[in-house]
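# sequence and predicted structure, then a few things I'm wondering about:
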Amino acid sequence: MINDVSLMYECVSAIGNSLKLDEMLEEVFKTFILRTGGIGAQYIANDQATSSVSVGREFNAPQTLNRNTKSFEIHEILSVAYVIDIALENGNLLFLYKKNDDLEYIGRMFSSFSVKLNNAIDACISVQQLQEHNVALKTIVEAEQKKNELNEQMMVNQSRMAVMGEMIGMIAHQWRQPITIIGMIANNTLFDIELEEHTSAKLVEDLNSINYQVRYLSETIDDFRNFFRPDKELQETSGRQLYADLLAILGNSMEQNNIKINCKGDCEHSFISYKNELVQVFLNIVSNAKDAFLENEITNREITIECTKQEDAMCFTLEDNAGGIPKDVVDHIFEPYFTTKPEEHGTGLGLYMSHTIITNHLKGVIGVRTSSSGTKFFIRLPKLMKQKEL
């Protein structure tokens, strides 16, 4: 007759050594049937009609399982085998034996482990549910992240379209003078022909003047087209190049509004980044400064771009003397759709997208400091970026 303390200790020690249900029950089954002479074991969960975990010889479960969690039952199978049936809270443990010897003692011993077995199975099920929940949560997070990325891209495009509208107005303004010059040359040439006063030399001079104006028109289009071309590859650039690109787009507008833009510091030092996106940030900040100059009726209008190289970063400050940003406003300027301008003059996306571009796309930092005299933006970028996925 089996009656061994070491047997009980070995069996109870096999319970709960893994948080994976299959692994934990397999260890329990192998230990139990090996030490008690069993030939098979299986676990049937309450919500399953067939075995979810089994070890040893396969066998059909009894048609009616024990539902009393405080006791066990012994089922006889065709007088050739016996099944100890232990009811737990989440299912039944079944152990198969050829002989009926000591089954009452084995059943009582196994039943005495029911609390620990229940706790071990509950722990495994809880871990499994937590893992499934984490997988589901990860899926939701990834979907929300993708949705946020799409929303962000939509805002980028919306901000870019708003800038494009301003740029079209600038193109029209910059084209007005060369188109007027071309028209004047053409009219003068036609007038000279009517008076028979034209000469080959004068005609060549006029045509060269027209060619010069046409090149200017073409370069203007190229400047704006390059700005709106999406950045797909990293480029080597410098503060001086950013300054030149900025002037190519805004120079005429700055000149018309008597705004002086300076570039100083380590402007020749090169770094690797997505140039057009950085130009868009500079463009947003400078455009806002221009609006502030006009709104506050500043006479001595000046914007200074300062470049500073560090060991692993490139830093920029963009400072104006346009009167500063009110204290109750400055903490909100990087929020989406926040603007102090009339609806027809502002979308509230410019500085929000500048913050998004610097922090998310260019992996940098942007901040702002303001006073009654003016506003200073700080930008810090890594000298060498990794290619982003597009």
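Perfect, I can see it now.
# where are the low-confidence patches of the chain?
Applying pLDDT under 70 to the chain flags residues 1-3, 49-51, 155-174, 177, 219-220, 222-232, 338, 340-349, 385-390.
# that one: helices as residue ranges?
5-13, 21-36, 103-112, 114-194, 200-228, 239-256, 275-296, 327-330, 350-356 (DSSP state H).
# will you turn those into CSV that also has distance to Lys309 and mean neighbour count?
For every residue, glycine as well, the C-beta is placed using N, CA and C. What follows is the helices of the chain, written out as CSV (distance: least, C-beta to C-beta, whole Å; neighbours: other C-beta atoms under 10 Å):
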stretch, distance to Lys309, mean neighbour count
helix 5-13, 65, 13
helix 21-36, 57, 19
helix 103-112, 75, 17
helix 114-194, 28, 13
helix 200-228, 25, 13
helix 239-256, 9, 18
helix 275-296, 15, 20
helix 327-330, 28, 11
helix 350-356, 22, 23
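# how about the ones you listed, which one is nearest Asp47?
helix 114-194 (11.1 Å; C-beta to C-beta).
# now that closest one, how far from the centre of its chain.
Here the centre of helix 114-194 is set off from its chain's centre by 12 Å, with C-alpha atoms, centre = their mean, to the nearest Å.
# look up how far Asp245 lies from the nearest residue to Cys267 once chain neighbours are set aside.
Counting by C-beta to C-beta, 6 or more residues apart in numbering, Gly239 is the residue found nearest to Cys267 once chain neighbours are left out, at 3.8 Å. Counting by C-beta to C-beta, to the nearest Å, the gap from Gly239 to Asp245 is 11 Å.
# hang on, Ser371 packs against Ile325?
No. Look at Ser371 against Ile325 with C-beta atoms under 8 Å: they stay out of range, at 9.2 Å.
# ok, back up a step: who's in contact with the residue nearest to Cys267?
263, 265-269, 305, 307, 314, 316 (C-beta atoms under 8 Å, 6 or more residues apart in numbering).
# how about 7 Å then?
263, 266-267, 305, 307, 316 (C-beta atoms under 7 Å, 6 or more residues apart in numbering).
# of the residues you listed, which is the nearest to Asn119?
Distances from Asn119 to those, taken by C-beta to C-beta, are shortest for Phe316, at 61.2 Å.
# look up which residues are beta-bridged to the closest one.
Beta-bridge pairing for Phe316 (DSSP bridges): Cys307, Ile379.
# what's the neighbour count on it?
Look at Phe316: counted by other C-beta atoms under 10 Å, it has 25 neighbours.
# how near is it to Lys363?
Applying C-beta to C-beta to Phe316 and Lys363 gives a distance of 15 Å.
# check Ile86 too.
Relative to Lys363, and taking C-beta to C-beta, Ile86 is found at 59 Å.
# more crowded one of those two?
Ile86 (23 against 13).
# contacting residues for the more buried one?
With C-beta under 7 Å, 6+ apart, Ile86 has these contacts: 72, 92-93, 110-111, 114.
# with distance to Ile333 added, can I get those in CSV?
Putting these into CSV (distance: C-beta to C-beta, whole Å) gives the following:
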residue, distance to Ile333
Phe72, 72
Asn92, 66
Leu93, 66
Phe110, 70
Ser111, 70
Ser114, 65
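# residues contacting Ala41?
So Ala41 contacts 29, 32-33, 54-56, 94-96 (C-beta under 7 Å, 6+ apart).
# make it 6 Å
29, 33, 55, 95 (C-beta atoms under 6 Å, 6 or more residues apart in numbering).
# once you drop chain neighbours, what's closest to Ile106?
Thr36 (5.2 Å).
# tell me how far that neighbour lies from Phe95.
Counting by C-beta to C-beta, the gap between Thr36 and Phe95 amounts to 8 Å.
# same deal with Asp101?
14 Å.
# between the two, tell me which one has more neighbours.
More crowded of Asp101 and Phe95, by other C-beta under 10 Å: Phe95, with 26 against 13.
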